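Enquirer: Give the three-dimensional model of this entry:
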Amino acid sequence: MNSYKTVHILIIFNLLLAVTAFVKDIILAAYFGTSNIADSINLAFFLPDTIGNNLIGAAVAVAAIPVLTKLTLNESNIVYFDVIKKIFLIVFFSTILLCGILIALSDQILNLFSIDSNQIQIVKDYFFILAPIIIIAPLWLLGSSVLQASRRFILPAATPIIFNGILLIGLATFQFMKIPQATGGITFSKVITIATFCSFIITWIYIYKKLKFDWKLTPSSNYKDVKKIGIIFASYILILLFTQSALFVERLYASSLETGTVAALTYAYRLSQFPIWVFIAAINTFILPTISLHLETKNINALKTDLKKAFTFVIGVSGSISLILFLFSEQILQLLLARGAFTSDSVKLTSLILKSYSLSIVGQSLYVFCLRYYVAEGKMRTPLIIGLIGSIINIVLLTIFVPSIGPKGIGYAIAVSATLSGTLLLIYFVKDLLKIGQRGVKVSE
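Expert: The predicted model follows:
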């Protein structure tokens, strides 16, 4: 299938995901609003989601794709399956250990937030229910990377829709049955964990059936490819750790402001990520295995063509949506979320953050897009240094902006740091793209 036909299909799936997620967020906002329970759920979910999904899961998925893509070019599947099984077991046992440590330290972690003792207990109850995500999400995303490396893009695009669909059904049921927020908070935490587990099961059943995956462990001393994945993983998770550390500090500051700011920040963050989840994700789903394939076959002309097309798409989409969200943040929130427990005060509070947060979209999109090239090349030093600088700038600006201008300072801090990081990485990316023309070129037929 033509790469850009694949992108178009993925965009359709991602739009369906966006619609499902938006409807879910609309019901979520109407049900919980920017209440104390809403803040508690977002704080409890942040840690398992950050570690399981955004850190370990994302790093494993991205690190595995270049190596697994190259292994798919071999005639035998023995080495390919062997590497997958080793990575699966490493991730499984390491995340079990990590999950246990975080549960043991939950009191110390939650005491970092500016919340009272009653709310800490509520957050802790939710956290214990959500903690298995730390184990399940990385294995789900590893399965998605296996499918992407095998040029099977549809199921990895479909499982997030299934995940959000389960959450949507759960929330709609709570709303219809008029379940109290306190009960709904506990039940919704259970639904999130169940939805994650369902996505994991569906992904690996598909791998077993379609790839004829052999689960039997075979004695092998070949750890060369596993080590390659480990090296990329270590660099990439550091980059993600910088980003997620800044997001953690954002929530620390948000918890010190008026009630509902944590929930408002979460709604603003999700809306600002719309172009990245829908359009940039569609590009990135196929671009990493595509880059890896072109580099492996030394097809530099095709590499340049695909990168230029993808870059133009990224800039056009992210820039347009950033402008729309900045100019019409309050109107968009009024249209999408203003119902039920999400009052006019909730709209104003969320709009303050969304307007400034929307300015970070172009920078974030550029950084995420350019990063895929460095992952495929296995050269992580440049994005690592730039990611560290960007995160430090973000945290420093949070300490300056939030005390002086309040909630909107959270968005302005990420807007400045993301723009600097994205622009810097783009400059290095363009330089490296010009250099690859000096390599041996294989002209595509």
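Enquirer: Please make it C-alpha for all contacts and neighbour counts, starting now.
Expert: Will do.
Enquirer: buried stuff in the strand or helix carrying residue 409?
Expert: Applying DSSP states H and E as the criterion places residue 409 in helix 408-435. Neighbour counts over helix 408-435 (16 or more other CA atoms under 10 Å) mark 408-426, 429, 433 as buried.
Enquirer: need the contact list for the spatially closest residue to residue 251 that is not a sequence neighbour.
Expert: Nearest residue to residue 251 in three dimensions, chain neighbours excluded: residue 262, at 6.2 Å (CA to CA, 6 or more residues apart in numbering). Contact analysis of residue 262 by CA atoms under 8 Å, 6 or more residues apart in numbering lists 39, 42, 43, 251, 254, 255.
Enquirer: If we only consider the residues you listed, which is nearest to residue 186?
Expert: Residue 186 has its nearest neighbour among these in residue 42, at 12.4 Å by CA to CA.
Enquirer: give me the number of residues near residue 245?
Expert: Residues contacting residue 245 under the criterion other CA atoms under 10 Å number 16.
Enquirer: any idea how far it is from residue 386?
Expert: 15 Å (CA to CA, to the nearest Å).
Enquirer: For the host helix or strand of residue 183, enumerate the helices and strands it packs against.
Expert: Element membership for residue 183 (DSSP H and E) is helix 181-210. Here helix 181-210 touches helix 36-48, helix 117-130, helix 133-149, helix 154-177, going by 3 or more CA pairs under 8 Å, 6 or more residues apart in numbering; DSSP states H and E.
Enquirer: can you tell which of the ones you listed is closest to residue 15?
Expert: Among the helices and strands packed on helix 181-210, the nearest to residue 15 by CA to CA is helix 154-177 (9.7 Å).
Enquirer: So what touches the closest one?
Expert: The contact list for helix 154-177, computed with CA under 8 Å, 6+ apart, reads 10, 13-14, 16-17, 20-21, 23-24, 27-28, 31, 144-145, 147-148, 184, 188, 191-192, 195-196, 198-199, 202-203.
Enquirer: longest helix in the protein, by residue count?
Expert: Counting residues, the longest helix in the chain under DSSP state H turns out to be helix 224-255.
Enquirer: between the very next helix or strand once past that helix and helix 36-48, how many degrees?
Expert: Proceeding N to C from helix 224-255, the next assigned helix or strand is helix 261-272, under DSSP H and E. Interaxial angle of helix 261-272 relative to helix 36-48 (axes from the mean of the first three to the mean of the last three CA atoms, to 10 degrees): 60 degrees.
Enquirer: what's the average pLDDT for helix 261-272?
Expert: Helix 261-272 shows a mean pLDDT of 84.
Enquirer: Could you do stretch 351-363 as well?
Expert: 90.
Enquirer: Same check on stretch 147-161?
Expert: Averaging pLDDT along stretch 147-161 yields 86.
Enquirer: Put the alpha carbons of stretch 29-42 into CSV.
Expert: Coordinates of each C-alpha in stretch 29-42 appear next as CSV, following Å, rounded to 0.1, in the frame of the first residue of the first chain:
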residue,chain,number,x,y,z
ALA,A,29,-16.5,17.3,32.0
ALA,A,30,-20.3,17.3,32.4
TYR,A,31,-20.1,14.6,35.1
PHE,A,32,-17.1,15.6,37.1
GLY,A,33,-16.6,19.3,36.0
THR,A,34,-13.7,21.0,37.7
SER,A,35,-14.6,19.6,41.1
ASN,A,36,-12.5,18.1,43.9
ILE,A,37,-13.3,14.6,42.6
ALA,A,38,-12.1,15.6,39.1
ASP,A,39,-8.8,16.9,40.5
SER,A,40,-8.4,13.7,42.5
ILE,A,41,-8.9,11.4,39.4
ASN,A,42,-6.5,13.5,37.3
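Enquirer: So residue 353 is in contact with residue 406, correct?
Expert: No - Residue 353 is beyond contact range of residue 406, at 9.3 Å (criterion: CA atoms under 8 Å).
Enquirer: between those two, which one's more packed in?
Expert: In terms of neighbours (other CA under 10 Å), residue 353 is the more surrounded of residue 353 and residue 406; the figures are 26 against 16.
Enquirer: Mind telling me what element that one is part of?
Expert: Using DSSP H and E, residue 353 sits within helix 344-357.
Enquirer: And that helix, what does it pack against?
Expert: Identification of packing neighbours for helix 344-357 by 3+ CA pairs under 8 Å, 6+ apart yields helix 261-272, helix 300-327, helix 329-336, helix 408-435.
Enquirer: Just give me the lowest mean pLDDT stretch among these.
Expert: helix 300-327 - the lowest mean pLDDT of the helices and strands packed on helix 344-357, at a mean of 80.
Enquirer: If I take that helix and helix 344-357, what angle do their directions form?
Expert: 140 degrees.
Enquirer: name the helices or strands packed onto helix 300-327?
Expert: If you count contacts as 3+ CA pairs under 8 Å, 6+ apart, helix 300-327 packs onto helix 274-275, helix 281-296, helix 344-357, helix 361-377.
Enquirer: 10 Å instead, please
Expert: helix 3-32, helix 261-272, helix 274-275, helix 281-296, helix 329-336, helix 344-357, helix 361-377, helix 408-435 (3 or more CA pairs under 10 Å, 6 or more residues apart in numbering; DSSP states H and E).
Enquirer: for it, which positions count as buried?
Expert: The neighbour-count criterion (16+ other CA under 10 Å) identifies 300, 302-304, 306-307, 310-311, 314-315, 317-319, 321-323, 325-326 as the buried residues of helix 300-327.
Enquirer: Just want the angle from that helix to helix 329-336.
Expert: Note on geometry: by the same axes, to 10 degrees, helix 300-327 and helix 329-336 are set 90 degrees apart in direction.
Enquirer: pretty sure residue 324 contacts residue 354?
Expert: No - assessed by CA atoms under 10 Å, residue 324 is found out of contact with residue 354, at 11.1 Å.
Enquirer: what is in contact with these two at once?
Expert: Taking CA atoms under 10 Å, 6 or more residues apart in numbering as the contact criterion, no residue touches both residue 324 and residue 354.
Enquirer: Which among the helices and strands packed on helix 181-210 is found nearest to residue 103?
Expert: For residue 103, the closest of those is helix 117-130, at 7.2 Å, according to CA to CA.
Enquirer: what's the closest one packed up against?
Expert: When contacts are defined as 3+ CA pairs under 10 Å, 6+ apart, helix 117-130 packs onto helix 36-48, helix 78-104, helix 106-110, helix 181-210.
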